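Colleague: From the sequence below, what's the structure:
(one chain, ligands or ions: 1)
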Amino acid sequence: MGRTSKDKRDVYYRLAKENGWRARSAFKLLQLDEEFHLFQGVTRAVDLCAAPGSWSQVLSQKIGSQGSGHVVAVDLQAMAPLPGVLQIQGDITQLSTAKEIIQHFEGCPADLVVCDGAPDVTGLHDVDEYMQAQLLLAALNIATHVLKPGGCFVAKIFRGRDVTLLYSQLRVFFSSVLCAKPRSSRNSSIEAFAVCQGYDPPEGFMPDLTKPLLDHSYDFNQLDGPTRIIVPFVTCGDLSSYDSDRSYPLDLEDGSEYKYTPPTQPPISPPYQEACTLKKKGRLAKEIRSQDCPISKVDKLTQ
Ligand code: SAM
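Modeller: Sure, this is the predicted structure:
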């Protein structure tokens, strides 16, 4: 596979590089904003699960242009610095990371919390959906500590079997909860984004980091009436924008000659780095599969 084939297969990947975004995800946030005007009046924001940093780039550009913008970005992985973005490296499901984030907003709450977090996908759908839900709830827990009343929370969600439970939980805290699918998010992916506006926790609610919101000890009696909430589904991004499930020719509509653009910011310390180094040195252990072995060896192995 040549280095240009991904440009051809994934138009948003290519456009991200050409526009200086660190990842194609930037378009998801931009298309969500087209529909929901997420950045209007926002001066303080938190970007959870932020690496490599394209959402932080969007936030710092949009908020930075509105005066004294303030963005805090958090990820498990190290992230190359960005102007105007304060970075914390940590796990958002850990108490210590949550406390570190919260202390930046004491006395001066945030207008917007976004979370594009994704666990390492295992391929076991139930496990992946559960992990994703846990990440979203960790993000919501942090949001309940830092958001100002009326604030907004946007988080990646997997539209799996139990997604309605998550919607119900979000509806406890926000006056409006919608499920949005930007054009740049592939139809083939169960990913979507919960867009929660109007932060309005139940009366008497005291944020408590020691009690994760999915904990069954949490009192869900506040959910009067049908607990299953049907959340409206909205697609966003102009219909004329590129379809993320299609391949496009390398010379797009303006007819100019295609030139390969390298990634804006290669990952600075990716988790697969060690495997790549070992592979280059020919020291990466290979799985022995029976079809790779001569009969005699297979016999020996199975004896
Ligand atoms: N929004 C980012 C951007 O535009 O560049 C892309 C985010 S990427 C899809 C998902 C990120 O979630 C990864 O960088 C991963 O390290 C992070 N992540 C997953 N689990 C996490 C956790 N428990 N705490 C912090 N970050 C986490």
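
Colleague: Could you count how many residues lie near Ala98?
Modeller: Neighbourhood size, Ala98 [other Cβ atoms under 10 Å]: 22. Placement of C-beta: from N, CA and C, glycine included.

Colleague: got it, and Leu137?
Modeller: 19.

Colleague: Hmm, Gln169 and it touching each other?
Modeller: Yes - between Leu137 and Gln169 there is a contact at 7.3 Å, judged by Cβ atoms under 8 Å.

Colleague: Outside of the lengthiest strand in the chain itself, list whatever touches it.
Modeller: The single longest strand within the chain, with elements called by DSSP state E, is strand 147-158. Defining contact as Cβ atoms under 8 Å, 6 or more residues apart in numbering, one finds that strand 147-158 is touched by 29, 32, 36, 38, 42, 109-118, 128-129, 132-133, 136, 139-140, 143, 163, 166, 170, 173-174, 179, 190-200.

Colleague: Among those, which lie within helices?
Modeller: Among the contacts of strand 147-158, the ones falling in helices (DSSP state H) are 29, 32, 36, 128-129, 132-133, 136, 139-140, 143, 163, 166, 170, 173.

Colleague: of these, closest to the ligand?
Modeller: Leu29 (7.2 Å; Cβ to the nearest ligand atom).

Colleague: what stretches of the stretch 1-150 of the chain score poorly on pLDDT?
Modeller: Filtered on pLDDT under 70, the stretch 1-150 of the chain yields the residue ranges 1-2, 65-69.

Colleague: Which parts of it are strands?
Modeller: Remark: strands assigned in the stretch 1-150 of the chain by DSSP state E, counting those that start in this stretch are 44-48, 70-75, 85-89, 110-115, 147-158.

Colleague: Residue numbers of the stretch 101-250 of the chain in contact with the ligand?
Modeller: Contact residues, the stretch 101-250 of the chain versus the ligand (Cβ under 6 Å from any ligand atom): 116-119, 135.

Colleague: can you tell me which two in these are farthest apart?
Modeller: Spatial extent of these (Cβ to Cβ) is set by the pair Asp116 and Pro119 at 12.1 Å.

Colleague: what's the nearest residue to Ala118 if we skip its chain neighbours?
Modeller: Leaving aside its chain neighbours, Ala118 sits nearest to Lys156 (6.4 Å; criterion: Cβ to Cβ, 6 or more residues apart in numbering).

Colleague: what's across from the one you found in the sheet?
Modeller: Phe193 (DSSP bridges).

Colleague: Hmm, Ser247 is touching Arg9, no?
Modeller: Yes - Ser247 lies in contact with Arg9 (Cβ under 8 Å); the separation is 5.1 Å.

Colleague: Just flag the most distant two among the ones in helices among the contacts of strand 147-158.
Modeller: Pairwise across those, and taking Cβ to Cβ, the largest span is found between Phe36 and Asp128, at 26.3 Å.
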